[in-house]
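Engineer: here's a sequence, model it:
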Amino acid sequence: MDEPLSNLDAKLRVQMRAELISLHQRVGITTIYVTHDQTEAMTLGDRVVVMNKGVVQQVDTPEYLYRHPRNVFVASFIGSPSMNFLEGSLDGAQVRIGDHTVELPDALRAQLVANGRRDVVVGLRPEDFVLDRDGEGSIGATVEISERLGPEVLAHVRADGLRRADLRVRDAAESDEEGAELSGTLVARFDPSFAATAGDRVRLRVNASRLQLFDPQTGESIASA
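Structural biologist: Alright, predicted model coming up:
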């Protein structure tokens with residue numbers, strides 16, 4: 001199937017995804033489905049092949065692609081909104097992100113070949129930022145815009161001392177359904193109780209158990225939570 005739903009409106013596209021899943025479960029025939037829409041790939045695929053300019057980047061289950069991307073292309077393409085990429089440096093059991101230091105969990109440290117100091121790109125999904133009510137040792141941030149989507153809120157924030165990594169990895173043919181992105185901001189995902197609006201200050205912590213570390217030169221993963 002070569003992008004069979006691309007010309008349908010949004011509501012019919014969702015309905016047809018469900019119909020195709022039901023059909024596949026009934027007939028049990030191996031089907032190759034080509035799409036630029038990551039939502040279709042993640043919901044329809046048992047195994048997903050992510051390609052960039054004709055070259056296979058990774059072949060895995062949807063969940064594994066999301067949690068263990070092999071490189072920054074896969075990490076940025078899978079997930080909406082996209083993963084946040086930050087400049088960082090690795091120093092033994094710690095990773096420094098801008099002006100902040102995060103202790104690496106044992107599972108991440110065990111994957112690193114060497115514990116020497118080196119520059120890295122730190123990847124964080126929007127849901128990997130956690131609101132901090134106490135404030136001590138957390139990251140201050142200013143909300144630029146908040147998108148209230150019913151079951152969740154996407155907050156675009158400018159975080160004190162954090163610098164976005166300048167990566168040109170998104171494919172030109174990315175889905176039209178991608179969320180908005182405000183230049184220079186990070187995107188954090190919160191539950192509907194998040195009440196901050198534009199201009200408000202919030203305190204954030206990083207969920208260290210979900211960190212992704214990439215080589216800034218090759219874009220390849222060096223450690224995956």
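
Engineer: could you use CA atoms for every contact and neighbour count after this?
Structural biologist: Fine.

Engineer: centroid-nearest residue for this structure?
Structural biologist: In the chain, the residue lying closest to the centroid (Cα atoms, centre = their mean) is Met83, at 2.6 Å.

Engineer: mind checking pLDDT for that one?
Structural biologist: At Met83, the model reports a pLDDT of 94.

Engineer: ok, the one 10 residues further on next?
Structural biologist: In the prediction, the pLDDT value recorded for Ala93 is 83.

Engineer: show me what contacts the closest residue to it other than its chain neighbours?
Structural biologist: In space, and not counting its chain neighbours, Ala93 is closest to Leu104: 5.5 Å by Cα to Cα, 6 or more residues apart in numbering. Leu104 is in contact with Ala93, Gln94, Val95, Ala208, Ser209, counting by Cα atoms under 8 Å, 6 or more residues apart in numbering.

Engineer: buried ones among the residues you listed?
Structural biologist: Ala93, Gln94, Val95, Ala208 (16 or more other Cα atoms under 10 Å).

Engineer: give me phi/psi at Leu13?
Structural biologist: Just so we're on the same page, residue 13 is Arg rather than Leu. phi -60, psi -40 (degrees, to the nearest 10).

Engineer: quick one on the thing from earlier: so how far is Val121 from the residue nearest to Ala93?
Structural biologist: 14 Å (Cα to Cα, to the nearest Å).

Engineer: including secondary structure, could the buried ones among the contacts of Leu104 go into TSV?
Structural biologist: What follows is the buried ones among the contacts of Leu104, written out as TSV (DSSP: H, G, I helix; E, B strand; the rest coil):
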residue	secondary structure
Ala93	coil
Gln94	strand
Val95	strand
Ala208	helix
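
Engineer: where does this structure have low pLDDT?
Structural biologist: Applying pLDDT under 70 to the chain picks out residues 113-117, 135-137, 168-183, 225.

Engineer: break it into its domains for me.
Structural biologist: Listed by automatic domain parsing, the domain ranges of the chain are 10-67, 84-224.

Engineer: now Asn207: how far from Leu154?
Structural biologist: 17 Å.

Engineer: okay, these two: which has more neighbours?
Structural biologist: Comparing Asn207 with Leu154 by other Cα atoms under 10 Å, the one with more neighbours is Leu154, at 23 against 14.

Engineer: can you tell me the element the more buried one falls in?
Structural biologist: Per DSSP states H and E: Leu154 is located in strand 153-159.

Engineer: many thanks, we can stop here.
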